[in-house]
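1. this is a predicted model, with the sequence first.
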Amino acid sequence: MALDERKGVWKSGKGKGRRTPKGRQLDEQAWDEVRTLLGDQPRRRDLLIEFLHLIQDSYGCLSAAHLRALAEEMRLSQAEVYEVASFYAHFDVVKEGEAPPPALTIRVCDSLSCELAGAQALQKALEDGLDASAVRVVRAPCMGRCDTAPVLELGHNHIDHATPKKVEDAIARGETSAHIMEYQKLTDYSSSGGYDALKALRADGDWEAVQNKVLESGLRGLGGAGFPSGKKWGFVRANAGPRYLAVNGDEGEPGTFKDRYYLERTPHLFLEGMLIAAWAVEAETCFIYMRDEYPAVLEILRREIKALETAGIVEEGYIDLRRGAGAYICGEESAMIESIEGKRGIPRHRPPFVAQVGVFDRPTLVHNVETLHWVARVCREGPEVLNTTEKNGRVGLRSYSVSGRVTKPGVYLLPAGSTIMDVIEAAGGMAEGHVFKAYQPGGPSSGLLPASINDVPLDFDTLQPLGSFIGSAAVVVLSDKDSAKAAALNMLRFFEDESCGQCTPCRVGCEKAVKLMQAETWDQGLLEEVCTAMADASICGLGQAAPNPIRMVMKHFSDEV
């Protein structure tokens, strides 16, 4: 056959001819399937993660053919699509020739609270007792349900106080969807004065007056940084529009579940606070970035955002709900913004700060969920709702997420000057048979403090002299039956898994620290060198704070290491 008669050959000359360009070829069936899933949605770059979720939800994985088709449909390189898909833990990328995962996945939480409650034994029992070809059992980071540890997620159904029997029964009943508890809907919220404050401000409000009211209340950012909330508004407004608001709902710090607690009960307090803040900075769009581990919250927000649109309180599309995909690093505000833009959640170098260059390089106001909950309450009830509560020289209220060896784990709203003894008392005291030994005051980033330090208010600025901080007020209580050394190793394994990998001090430092911490006796000199490098040279707070558990165990529990 003559060369010009060989259809499809585009390369001629010496050597073997090639019938197709190099690289993975487009599969027409997969392309049709992707186009059907995407429907008439705009093929915008920032929607890449949302589209990956559509494929994962529909087919149980992300096949090579579907990733190739999505790249074609969005006019992106395959490498770009693959690097985003492979960055997030909730996407299962399946290459050619690889078997897809089983139809059902069980994610067993391995955070500190769940480990204390027997998560490792639970996972092993499930692995031994279930058919691996039908059910995949994997470990997963904190699911924000530490008050009901041990916890696992069966599909999207969270099973609290999980046991193998509960799991088997749920599988038999086909219960793999999220359970939504009773919550305050728009009609109930509006009937008790909800959105009146927003409507009044939109009519003739003064944003500076509202900012001053928030500042007077003493409200500070409740995601962990503690920056005075009202001050952000002026910083964002000082930059020319268009401006955006981004809500950081990626509550991934192990031990934290306060945002979920409020959203599952009173979502409209948060939504009104968000719309007030958006009004104050004249935001063109409100992005809500909510972690994928909260499927019930995501459904509640979908329903109530639709209700707000139907009621004419917001225009359709003004609130843009985005679904995370399993990456703790996206709790860092600039990494969250990268994820909103459809990219890997990698923290940005600063300056510039997000108030100047945020979502789509525009000025962006970033707030935590609980912060906006209090913005609404301050605007409805006045700054006195916070600033009239005083204890131990501290002013305000704090929502403490309490778990571990206490009688009644849960969220407790207490004066900001509360000590660990006050928190334990609110949670019903120590669990029977347990003696207070240590506590994590604000997630693993805050390290471990011994029970002897029990008179310090758990608030902003009070724990820094001790080498710790309150963060998101995620309190985990340990007893005499627990090992501080093992707890610290659990925390560093979490940081090792969740490091975004961008900077060497964090990526390598966490890995080396975990290896060193597995030794029967710690090489404390070498560990301190690793800690110094991580704290001094990491780009963001993950690597900078990861040494805290190591240093505090060496300081306060030296007999264990």
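-> On my side now, so go ahead.

2. from G471, how far off is L463?
-> The spacing between L463 and G471, counted by CB to CB, to the nearest Å, is 9 Å. For every residue, glycine as well, the C-beta is placed using N, CA and C.

3. before we move on, what about A416?
-> Taking CB to CB, one finds A416 at 14 Å from G471.

4. ditto for A278
-> Applying CB to CB, one obtains 26 Å for the distance of A278 from G471.

5. with L112 instead?
-> Relative to G471, L112 is positioned 14 Å away (criterion: CB to CB).

6. between these two, tell me which one has more neighbours.
-> Neighbours were counted for L112 and for G471 using other CB atoms under 10 Å; L112 has more, 31 against 25.

7. avg pLDDT for stretch 281-296?
-> For stretch 281-296, mean pLDDT is 98.

8. in that stretch, what's buried?
-> When neighbours are counted by 16 or more other CB atoms under 10 Å, the buried residues of stretch 281-296 are found to be 281, 283, 285-296.

9. gap between the two ends of it?
-> Terminal residues of stretch 281-296 lie 30 Å apart, using CA to CA, to the nearest Å.

10. for that stretch, the distance to its chain's centre please.
-> 12 Å (CA atoms, centre = their mean, to the nearest Å).

11. and what of stretch 250-264?
-> Offset of stretch 250-264 from its chain centre (CA atoms, centre = their mean): 8 Å.

12. same deal with stretch 77-90?
-> Remark: stretch 77-90 is offset 19 Å from the chain centroid, using CA atoms, centre = their mean.

13. gap between the two ends of it?
-> First residue to last in stretch 77-90 (CA to CA) measures 22 Å.

14. contacting residues around that stretch?
-> Stretch 77-90 is touched from outside by 23-24, 48-49, 52, 56, 62, 67-68, 70-71, 74, 91, 93, 140-141, 292, 324-327, 342-345, 500, with contacts defined as CB atoms under 8 Å, 6 or more residues apart in numbering.

15. switch the cut-off to 6 Å
-> Around stretch 77-90, the neighbours that count as contacts under CB atoms under 6 Å, 6 or more residues apart in numbering are 48, 52, 62, 67, 70-71, 91, 93, 292, 325-327, 344.

16. sec struct for A246, please.
-> Going by DSSP: H, G, I helix; E, B strand; the rest coil, the secondary structure assigned to A246 is strand.

17. list phi and psi for V108.
-> Backbone torsions for V108, taken as degrees, to the nearest 10, come to phi -100, psi 120.

18. average pLDDT for the helix or strand hosting L413, rounded please.
-> Assessed by DSSP states H and E, L413 sits inside strand 410-415. Confidence over strand 410-415 (mean pLDDT, whole number) is 98.

19. would you mark the buried spots in whichever helix or strand comes after it?
-> Remark: after strand 410-415, the chain's next helix or strand is helix 420-426, criterion DSSP H and E. Of the residues in helix 420-426, I420, D422, V423, I424, A426 count as buried by neighbour count, 16+ other CB under 10 Å.

20. before we move on, back to that, let's see which of the buried residues of stretch 281-296 end up in helices.
-> Residues of the buried residues of stretch 281-296 located in helices (DSSP state H): V281, P295, A296.

21. how close does the nearest residue to the last one once chain neighbours are set aside get to H156?
-> This points to A296. The spatially closest residue to A296, leaving aside those adjacent along the chain, is A178, at 4.3 Å (CB to CB, 6 or more residues apart in numbering). Noted for A178: a distance of 5 Å to H156, by CB to CB.

22. likewise for S190?
-> Here the criterion is CB to CB. By it, S190 lies 30 Å from H156.

23. can you check R18 too?
-> Counting by CB to CB, the gap between R18 and H156 amounts to 45 Å.

24. the two: who's more crowded?
-> Between R18 and H156, counted using other CB under 10 Å, H156 has the larger neighbour count: 18 against 12.

25. quick check: that one touching P295?
-> Yes. Applying CB atoms under 6 Å as the test, H156 and P295 come out as touching, 4.3 Å apart.

26. quickly list what's touching both of the two.
-> By CB under 6 Å, 6+ apart, H156 and P295 have these common neighbours: A178.

27. helices of the stretch 401-550 of the chain, start to end?
-> 420-426, 484-498, 504-517, 524-537, 541-545, 547-556 (DSSP state H, counting those that start in this stretch).

28. which of these sits closest to V359?
-> Evaluated over the helices of the stretch 401-550 of the chain, closeness to V359 peaks at helix 541-545, with 20.1 Å, by CB to CB.

29. and the gap between the nearest residue to K512 once chain neighbours are set aside and A225?
-> Setting aside the residues directly before and after it, K512 is nearest to V530 in space (CB to CB, 6+ apart), at 5.6 Å. Distance, V530 to A225, by CB to CB: 25 Å.

30. likewise M74?
-> 34 Å.

31. try S77
-> For S77, the distance to A225 (CB to CB) stands at 35 Å.

32. wait, S111 touches G144, no?
-> No. S111 lies out of contact with G144 (CB under 6 Å); the separation is 9.4 Å.

33. which of these two has more neighbours?
-> Neighbours were tallied for S111 and for G144 using other CB under 10 Å; the higher tally belongs to S111 (32 against 27).

34. dump the helices of the stretch 401-550 of the chain to a markdown table, plus distance to S403 and mean pLDDT.
-> Output for the helices of the stretch 401-550 of the chain, formatted as a markdown table (distance: least, CB to CB, whole Å; pLDDT from 0 to 100):
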| stretch | distance to S403 | mean pLDDT |
| --- | --- | --- |
| helix 420-426 | 11 | 98 |
| helix 484-498 | 13 | 97 |
| helix 504-517 | 23 | 97 |
| helix 524-537 | 26 | 97 |
| helix 541-545 | 20 | 94 |
| helix 547-556 | 17 | 97 |
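
35. next, format the ones you listed as TSV and append distance to V475.
-> Formatted as TSV, these follow (distance: least, CB to CB, whole Å):
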stretch	distance to V475
helix 420-426	6
helix 484-498	13
helix 504-517	23
helix 524-537	23
helix 541-545	17
helix 547-556	15
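
36. and these: which comes nearest R220?
-> R220 lies closest to helix 541-545 among the helices of the stretch 401-550 of the chain, at 16.4 Å (CB to CB).

37. give me the residues contacting that closest one.
-> Against helix 541-545 from outside (CB under 6 Å, 6+ apart): S445, P505, C506, M534, A535, S538.

38. assign E73 to helix, strand or coil.
-> Assigned with three-state DSSP, E73 falls in the helix class.

39. tell me, how many neighbours does it end up with?
-> If you count neighbours by other CB under 10 Å, E73 ends up with 17.

40. can you count the residues close to the residue nearest to it when sequence neighbours are not counted?
-> Sequence neighbours aside, V34 is the residue nearest to E73 in space, at 5.5 Å (criterion: CB to CB, 6+ apart). Other residues lying near V34 total 24 when counted by other CB under 10 Å.

41. please apply the same query to Q518.
-> Neighbours of Q518 under the rule other CB under 10 Å: 11.

42. let me know the pLDDT of it.
-> pLDDT, Q518: 97.

43. state the distance from the residue nearest to it when sequence neighbours are not counted to H434.
-> Beyond its immediate neighbours in the sequence, the residue positioned closest to Q518 (CB to CB, 6+ apart) is L489, lying 6.9 Å away. Shown here: L489 relative to H434, a distance of 21 Å by CB to CB.

44. check contacts around G326.
-> G326 is in contact with Y88, A89, H90, D292, counting by CB under 6 Å, 6+ apart.
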